[in-house]
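1. Output the structure for:
(2 chains)
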Amino acid sequence: MSTAGSIFFLMTAVLYAAATCVYLAYLFTHKDRVIAVAERLLFGAFALHTLTLAGRVIYSGRMPVTSLHESLIFFSWLVVITNLYLIFRYRQKTLGAFVTPFALILIITAAFMPGEIIQLSPALKSFWLFMHVTIAFLGNAFFAIAFFLGVMYVIQERYLKTRKLKGLFFIMPSLDTLDELNYKFLQYGFTLLTLAIISGAVWSQYTYGSYWDWKPRQIWSVITWFLYAALLHGRLTSGWRGRTAAIFSGIAFLVLIGSFFIIRLIMGGAHGFK
Amino acid sequence: MNIVIVGLNHKTAPVEIREKLSFPADTIGQPLKRLLAHYGLNEAVILSTCNRVEVLAVTPDMEKGEWQIKRFLSDYHNIPISELDEHLYSRCGEEAVKHLFRVGAGLDSMIVGEPQILGQVKDSYSYAVEHNTAGVIVNKLYHKAFQVAKRIRTETRIGESAVSISFAAVELARKIFGELRGKTAMLIGAGEMAELAAKHLLSNGVSDIMVANRTYEKAVEFVRSFGGAAIMFREYQHYLKDADIVIASTGASSFIIKPDDVKEVMKHRRNKPMFFIDISVPRNIDPLVNGIDNAYVYDIDDLQGVVKANLSERAGEAKQAETIIVEEIEKFYRWAKSLDVVPTIIALRQFCDEIRKNEISKAMSSFENLSEKDRKILEAMTSSIVNKIIHNPIIHLKKDANKVEGDLYIDTVRKIFDLNEALEKLNRANDKEAGSKEANNKEE
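-> Prediction:
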């Protein structure tokens, strides 16, 4: 497994790197032919990515979320599949040029993390845990997509405000499309984040006998929950939209991903539960 | 087959010269006929627009043809060649084909990708057809040129981008609102350009328009022909909150829409974006409005900048178009090559011989006691019939191959004997042979 696994992993990284290069070329050339190549490469990278993950799941018999290495591979996989959904469903071409480099960075980071498969204590093997992590990661992937849509919004808005139309302006979607999609993925992400917190609490009750322990991970997820809740509330009631909303969703995502890395690196393991 | 183009355009000649050389459409038959009658050309087309005058001709001799066209232009318009020469360009053979394809696709136009030129090229061709100066080559060449233009239009976005201020306004609106359906525009004042922009917005999906004019009747008039609602001029502020796109073009000497107005309106709109198009000099909309979130203000200079940006974006598309042109030139020459007389003769011989062989074998099966000698006699007789029938046609083909009607004869023979398929097979076989020869050479 480990040799086959690492070969797939290496090939995945190489294909993401290639896709990133071609996507960057697209940002300069704006050619349909270039984007077609980039999307094919991304699809190929995703296929290998899936094999890498599947191999790990089959070998270990559980969700690949126990080490930072696995988490990064799983998370980037979810981000890419969401991007592919946007490509097929909404014909969003240019988003890939932002998401693919991000996936590449995640994969490269994963490569530097210890990759061995950790044996879990029986406490961590449960249905609720499985539910909890899958939901949490998918929610985070949606927030990541919302983040990049927000970045694109800010760039596109800049072009329109300064009235200097060049470069990316021509290949990026309209402000309205970006704002709508950003809103949509914030809603999806927020729903899943809420479910993740609930399922986490339920699992904690089963395993440790208490719903809430004031663990750093719990505190941070509640902080992000409030950030996103405030943003959605603002959109819904105070007519927040466009740039303000995009910037706010950017900040919320940075808090989210920052807390994820800090907790994982400092505490190790799943939330520091051992 | 030699194709030559001689002409001038907006890049090589000032308008005074272009004017002098132009050919009015209603009398174009005479110069076309003269080209064939007095200048030894086989086929000719004259393209005359305000930006270019070009003569395309098929000629037995490239250099002579080029010289003859120059002489014709000079004679016809009474301008000495020496005066004309510095403005003229000439393209021969493949370069000429490429030039025609580029012109037809709008790649050689002042505004790259503009669509009018294709119509003008089509007209020039139909004049040539009308006055019998278009032959096999011109027919094929121009149909190919129209095909190329169509292909470029569908495969690149060259024709899509904005070329005018009102197109630029539509494109900007699309980048802000995405879909224009369901959006409402407001037209304040009625400058000609503002009306044009409003019409373009309406024809591109904007659902509703409010028109305010100091002269109420003018607003009513606009609404009568394009739909929407006329409003009293003093009430436009009141309706501003319902407008997604505002086009201002009044003679007012100070700003009629100020940041505070828009801030107030934005509250009512829950920050839904607003797009202000200011087509008035002096300006009607305070540029500071652009500083408000979700409000975008473009004045006439900004729009001109957008047009320019679109043009440079088009230049990129043009490169893709050039690749298409190279591909199509190759296709055209593959066809042209098959016009050679030798393959046509071979194909004709094969065609007739096949018929003969089939008939002989049918006849043979009905004879029972035919000796070898008799069989040979029959073979010889049928062969000589076939040869005698096609002898004269082949002689004519060979003799006239390099004359004016040569291409026409070749094309006709191919058509009436239905040789095209056979010729293609022949060509493919030849190509294969050539390919394997090349490969052999390489190996050696």
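2. Surely B:Val281 is in a strand?
-> No: counting by DSSP: H, G, I helix; E, B strand; the rest coil, B:Val281 is not part of a strand but coil.
3. Could you count how many residues lie near it?
-> B:Val281 has 12 neighbouring residues, counting by other Cβ atoms under 10 Å in any protein chain shown. (C-beta placed from N, C-alpha, C; glycine too.)
4. what's near enough to touch it?
-> B:Ile300 (Cβ atoms under 8 Å, 6 or more residues apart in numbering or on different chains).
5. In terms of helices and strands, where is A:Leu195?
-> helix A:175-208 (DSSP states H and E).
6. What pLDDT is listed against the closest residue to chain B within the stretch 151-274 of chain A?
-> Using Cβ to the nearest Cβ, the closest approach of the stretch 151-274 of chain A to chain B is made by A:Gly239 at 3.2 Å. Listed pLDDT for A:Gly239 reads 81.
7. Could you do B:Ile158 as well?
-> B:Ile158 is given a pLDDT of 69.
8. residue boundaries of the strands in the stretch 101-250 of chain A?
-> Ranges of strands in the stretch 101-250 of chain A, per DSSP state E, counting those that start in this stretch: none exist.
9. Which residues of it lie near chain B?
-> Within the stretch 101-250 of chain A, the positions adjacent to chain B are A:156, A:160-161, A:163-166, A:169-170, A:173-177, A:180, A:239-244 by Cβ under 8 Å from any Cβ of the partner chain.
10. mind redoing it with 6 Å?
-> Residues of the stretch 101-250 of chain A lying close to chain B by Cβ under 6 Å from any Cβ of the partner chain are A:160, A:163, A:165-166, A:170, A:174-177, A:239, A:241-242.
11. list the buried ones in the helix holding A:Leu195?
-> Buried residues in helix A:175-208, counting neighbours by 16 or more other Cβ atoms under 10 Å in any protein chain shown, are found at A:175-183, A:185-190, A:192-193, A:195-197, A:199-201, A:203-204, A:207.
12. Might you report the residue contacts of whatever residue of the stretch 51-200 of chain B ends up closest to chain A?
-> Taking Cβ to the nearest Cβ, chain A has its nearest neighbour within the stretch 51-200 of chain B at B:Gly178, 3.8 Å off. Contacts for B:Gly178 (Cβ atoms under 6 Å, 6 or more residues apart in numbering or on different chains) come out as A:174, A:176-177.
13. so what's the backbone phi/psi at the nearest residue to B:Phe23 once chain neighbours are set aside?
-> Nearest non-adjacent residue to B:Phe23, counting by Cβ to Cβ, 6 or more residues apart in numbering or on different chains: B:Ser48, 4.2 Å away. With angles defined as degrees, to the nearest 10, B:Ser48 sits at phi -130, psi 110.
14. I figured the residue of the stretch 151-274 of chain A closest to chain B hits B:Arg270, correct?
-> Yes: with contact defined as Cβ atoms under 6 Å, A:Gly239 counts as touching B:Arg270 (3.2 Å).
15. Specify which residue of these two has the higher count of neighbours.
-> For the pair A:Gly239 and B:Arg270, the greater number of neighbours falls to A:Gly239 (18 against 13), based on other Cβ under 10 Å.
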